[in-house]
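> Provided below for reference: sequence and predicted model.
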Amino acid sequence: MDRRKSLQTLILGGAAAGTGLVFNSCKTENADTIDEAIITGSDKYFGRTPEELERIEKLNAEQLFNEHEMETIASLAVVILPPKEPHGGPIEAGVPDLVEFMGKDIPEMAPTLLGGLMWLDHKSNTEFGTEFKSATLEQKKQICDEICWHDVEIPLEKQPLEIQFFYMMRGLTVTGYYTSEVGIAELGYKGNSPNVWDGVPQDVLDQHGVAYDPAWIAKCVDQSQRNVIAEWDENGNLLT
Amino acid sequence: MQIKESSEIYDVIIVGSGAGGGMATKQLADAGLNVAVVEAGPYFDPADPKTMTQLKQPYDSPRRGAGTDRAFGEWDMSWGDWEVEGEPYTHEEGTEFKWWRARMLGGRTNHWGRISLRFGPKDFKGKTRDGHGDDWPIGYEDVKPYYDKLDKLIGVFGTNEGRENDPDGFFLPPPKPRLHELFYINGAKKSNIPVIPGRLSMLTKRINNDRGVCFYCGQCSRSCSVYADFSAGSCLIFPAQKSGGKVKIFVNSMVREITTNDEGKATGVSYISKDDRKEYKLKAKVVVLAASACSSARILLNSKSKQHPNGLGNSSNIVGKYLHDSTGASAAGVIPDLMNRKTSYNEDGVGGMHVYSPWWGDNSKLNFPRGYHIEVWGGMGQPNYGFGFDPNGMNKYFGLKSGGYGDGLRDDVKKYYGSVIGFGGRGEAIAFKDNYCEIDPTTVDQFGIPVLKFNYKHSEFEINQAKHMQDTFEELIHNMGGIPLSEKPGKDQDYGLLAPGQIIHEVGTTRMGNDPKTSVTNKFQQLHDVDNVFIVDAGVFVSQADKNCTWTIMALSWRASDYIIEQLKAQNI
């Protein structure tokens, strides 16, 4: 099925036929169908040009971290952001894969990541006679406690490698989590989906101690008329 | 190798398919002319699922939206950014200019901010107003009918406010302000800075049955698949084709030069096909340049012939001169009253500001001659790459430690989510002859075409204006009870004034005027030197206003197109 046509039929045709909303916040049948159409489309693509896809394939064919290093990344990520019901943690969010990809995508990151992983094992071996990934949670935390604080007054690149490494791994872990399906659910972000914006809910306005100015709101879009074709008088006053 | 020449003679060749080229395509094709559009990039339709980035999730990509391949993030719908592979540009030592090029049908209109501000009456008469720069050969009254038609054809939301230099129009109703925008309105009020609904070309209401209505994903920079925002392809070129116009589009075609005959009149263009790297020629009665201010200047300067030894239309030596971009400076602050937000609702809104501040100052009392407007951003946006870097970095403003690990990071992320408000000041720079682009004879692009060399320096006016922006931003953040996120840039950093070109509003390189000695085109955007060549991009601007240039590019392109139609009918060209 021609997705563009189906979308247009739904959005344009559907709208032309009715006077009500095409979408609303409680998800009409229409909105579901459109979501589905879009999801079907994104199975295969995420909007890359052929050159961009080629580069991604090339990076995917390369390997930056060995199996041990990937396990170490995973074991550090879950210390940084422990999983929590019901929205999981870094593993469900695909954090190790993101670290692997970004280390290749932005090669300047690779030495810090590779060096930091070596530092972790060296430290763990020295202190506890075991590799980081096999250390107990308490031992892992002891190591992390030493490197998880940075001096905010000094540029990061002038601080010890292990501090830079932890900062980078925390950034990638938290980013990876909150940009994943489980992380977005945890955050509660409701966007990136068709809807009709009709202002901030009253309870939120109340919580933050602000209110809409009625004169301002009077100029704003009446969402029940959004599908009625605009017409103006000769002075620019909207008639519909 | 022999250059391949097409036998067909088009009525008009249009070089470039962005705002100016798109509008000319629509008007000229609708008038029944046989039009060839020559675009340096590939075909692009915002509705094509293969290239679409709208409504993608960050986790659809292995890099979660990072900007490695695209400077504004991987969802941004611009193919090409500050760099285009194989197409360099150079700088005069000690000067700076950043040049954004989008190589695709529709050009930069596919990703732009859609802020659609008319120039006001004062904006066309800068010299009369304050002695700086030059007046345009036309006034607001010449452009107003086209702005009016443009509003109705393309659609722009906003409100009629009766402001002297921010003219009213035919607006669609604006969306309601978001939470952080209510804070901004209140904060600005304390400093008597006006705030009015934004004016952006997105359809908050239906304007016809060919385009959809905004569904508030906040992603106009990704180009709307239901055509609810303005892009030149979806709103001008495709409709021109659909209504039966004779529009032949040549994509992946990089124009080298305008060809001329013995009388010095234009005969068409020569271009390199990126597909086979061979040179072709197209013929037409009229050539319209719409390749962007700098690219059109480049084509003219590279179109040297016996009749035009200094480049086409350049007997004045003005082509490339008076290059200027909008000024830009920014600041952001964390607002404690916006912390710990409920995430119970979707506040993506349109892909841009629902409110803004048009210029309010009296420049006669300030140490810079022209104004700026303030763009506002903030809110609970889609998390993408970088979202979790320094997740509690803002702790330092509240006497808490930054860093650490563990469950507490989740609380920190949620505490600060949506608590930051940012400002972009976008102002008018004075056009100076000494700021220019020229051909760099030592460098060619991968198609063998000599490239541009930039020579651009800010003046004290722009620097003083940036200082005013920073002082204003500081006051606004203070008014909202907020804390600035970075130290206020001082004189040593030109008060955070961005490098020329960075606002992507470059204009002025082929300016219009009544005097052929001091301008490149006449007031109908026709070259003084060659009557069958027109320029319909921002090159013809005598001055940029404290506005954004796109709406004026299109109004003027429409006006120039009407003139071309008239002149062709009268057989004057």
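That came in fine, so what should we check first? Note that the coordinates shown come from a computational prediction; the quantities given were computed from them, not determined experimentally.

> can you map out the helices along chain A?
Using DSSP state H, the helices assigned to chain A run over residues A:3-8, A:14-17, A:29-42, A:50-61, A:67-80, A:95-105, A:110-128, A:137-147, A:161-178, A:181-187, A:202-208, A:214-219.

> quick one, which of the ones you listed is nearest to residue B:175?
Checking these against residue B:175 by C-beta to C-beta gives helix A:214-219 as the closest, at 10.6 Å. C-beta coordinates here come from the backbone N, C-alpha and C atoms, glycine included.

> Mind listing what's buried along that closest one?
Across helix A:214-219, burial judged by 16 or more other C-beta atoms under 10 Å in any protein chain shown covers A:216, A:219.

> Stretch B:406-422 too?
For stretch B:406-422, the neighbour count (16+ other C-beta under 10 Å) marks B:409-410, B:412-422 as buried.

> Make a markdown table out of those and add distance to chain A and pLDDT.
Formatted as a markdown table, those follow (distance: C-beta to the nearest C-beta, whole Å; pLDDT from 0 to 100):
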| residue | distance to chain A | pLDDT |
| --- | --- | --- |
| B:409 | 6 | 97 |
| B:410 | 7 | 97 |
| B:412 | 9 | 97 |
| B:413 | 6 | 98 |
| B:414 | 7 | 97 |
| B:415 | 12 | 97 |
| B:416 | 11 | 98 |
| B:417 | 7 | 98 |
| B:418 | 10 | 98 |
| B:419 | 11 | 98 |
| B:420 | 14 | 98 |
| B:421 | 13 | 98 |
| B:422 | 18 | 97 |
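
> Show me the residues you listed that map onto helices.
Cross-referencing the buried residues of stretch B:406-422 against helices under DSSP H gives B:409-410, B:412-416.

> I'd like to know which of the residues you listed is nearest to residue B:22.
residue B:416 (41.1 Å).

> What about the residue in chain A positioned nearest to chain B, how many residues nearby?
As assessed by C-beta to the nearest C-beta, chain B sits closest to residue A:174 within chain A, at 2.7 Å. Neighbour count for residue A:174, taken as other C-beta atoms under 10 Å in any protein chain shown: 29.

> What residues does residue B:532 make contact with?
Shown in contact with residue B:532 (C-beta atoms under 8 Å, 6 or more residues apart in numbering or on different chains): B:265-266, B:285-287, B:573.

> now, among those residues, which is nearest to residue B:219?
residue B:287 (36.0 Å).

> pLDDT score for the residue nearest the centre of chain A?
Centrality entry for chain A: nearest residue to the mean C-alpha point is residue A:179, 2.0 Å, by C-alpha atoms, centre = their mean. Residue A:179 carries a pLDDT value of 98.

> my read: it touches residue B:381, true?
No. Taking contacts as C-beta atoms under 8 Å, residue A:179 lies outside contact range of residue B:381: 12.0 Å.

> Compare the helices of chain A and give me the one nearest residue B:92.
Proximity to residue B:92 (C-beta to C-beta) singles out helix A:50-61 among the helices of chain A, at 31.5 Å.

> residues touching the closest residue to chain A within chain B, list them.
Per C-beta to the nearest C-beta, residue B:388 is where chain B lies closest to chain A, at 2.7 Å. Residue B:388 makes contact with A:170-179, B:413 under the criterion C-beta under 8 Å, 6+ apart.

> how about a cut-off of 10 Å?
By C-beta atoms under 10 Å, 6 or more residues apart in numbering or on different chains, the contact set of residue B:388 is A:81, A:170-179, A:183, B:64, B:409, B:412-413.

> Please name the nearest non-neighbouring residue to it.
Leaving out its chain neighbours, the residue that sits closest to residue B:388 by C-beta to C-beta, 6 or more residues apart in numbering or on different chains is residue A:174, at 2.7 Å.

> so the one you found makes contact with residue B:408?
No. Counting by C-beta atoms under 10 Å, residue A:174 stays clear of residue B:408, with 11.5 Å between them.

> Give me the common contacts of the two.
Here residue A:174 and residue B:408 share the contacting residues A:81, B:391-392, scored by C-beta under 10 Å, 6+ apart.

> Closest one of those residues to residue B:207?
Distances from residue B:207 to the shared contacts of residue A:174 and residue B:408, taken by C-beta to C-beta, are shortest for residue B:391, at 42.7 Å.

> Spatially nearest residue to that closest one, not counting backbone neighbours?
Closest to residue B:391 by C-beta to C-beta, 6+ apart is residue A:174, at 4.7 Å.

> Need the residue closest to the centroid of chain B.
Closest-to-mean residue, chain B, C-alpha atoms, centre = their mean: residue B:505 / 4.8 Å.

> just checking, that residue touches residue B:294?
No. Counting by C-beta under 10 Å, residue B:505 does not reach residue B:294; the two are 11.8 Å apart.

> Report the set of residues contacting both of the two.
Common contact partners of residue B:505 and residue B:294 (C-beta under 10 Å, 6+ apart): residue B:538.

> before we move on, the earlier item: touching, the residue nearest to the centre of chain A and residue B:64? I think so.
Yes. Between residue A:179 and residue B:64 there is a contact under C-beta under 10 Å: 4.2 Å.
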